[in-house]
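Colleague: okay, structure incoming, though there's no sequence with it:
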């Protein structure tokens, strides 16, 4: 909805019209990303373009750089997760911000990938504890898991403070 955002490109291994179980208003629903897109009542949604992973080489050839990259993919295969990062890194600019979903140290390999990136590259990280916060129920929000925000060191004013 922000007017300064000109385009949103999504890249997914799953086709945008593939239906899967999701939750809408706390109720189970069999929907695709395209179905969810069509449910949005906003004119600004025309900024969103859906791409499949097979289009990555074309997107890289276009040379367009992205300011924000959200990584929410495979959770268990270190090599696949690291490859997602490398692709996003090629699509990023010096000031890009990466958001990693589902950082869950006891369960997923994302933690190991983030630690490897920290060893190899000059990035800084911020954990936003968000797991269990979206749907309020009898459980307490989980600690030390959620989303990780990552950016190159020194590329921004201190938004992590």
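Modeller: Right, received. Where do you want to start? Keep in mind that this is a model prediction, so the values were computed, not measured. Numbers count the residues shown, from 1 in each chain.
Colleague: bridged to residue 29, which residues?
Modeller: Note on residue 29: beta-bridge partners by DSSP bridges are residue 22.
Colleague: for it, which residues are in contact?
Modeller: Residue 29 makes contact with 21, 22, 23, according to Cβ atoms under 8 Å, 6 or more residues apart in numbering. Where C-beta positions appear, they are placed from N, C-alpha and C, glycine not excepted.
Colleague: likewise for residue 30?
Modeller: The contact partners of residue 30, taken as Cβ under 8 Å, 6+ apart, are 19, 20, 21, 22.
Colleague: try it again with 7 Å
Modeller: By Cβ atoms under 7 Å, 6 or more residues apart in numbering, the residues touching residue 30 are 19, 21.
Colleague: which helix or strand contains the spatially most central residue of the chain?
Modeller: Nearest to the geometric centre of the chain sits residue 70, at 2.2 Å (Cα atoms, centre = their mean). Using DSSP states H and E, residue 70 sits within strand 66-71.
Colleague: list the neighbouring strands of that strand plus their orientation.
Modeller: Strands that pair with strand 66-71, judged by DSSP bridges, come out as strand 92-103 (parallel).
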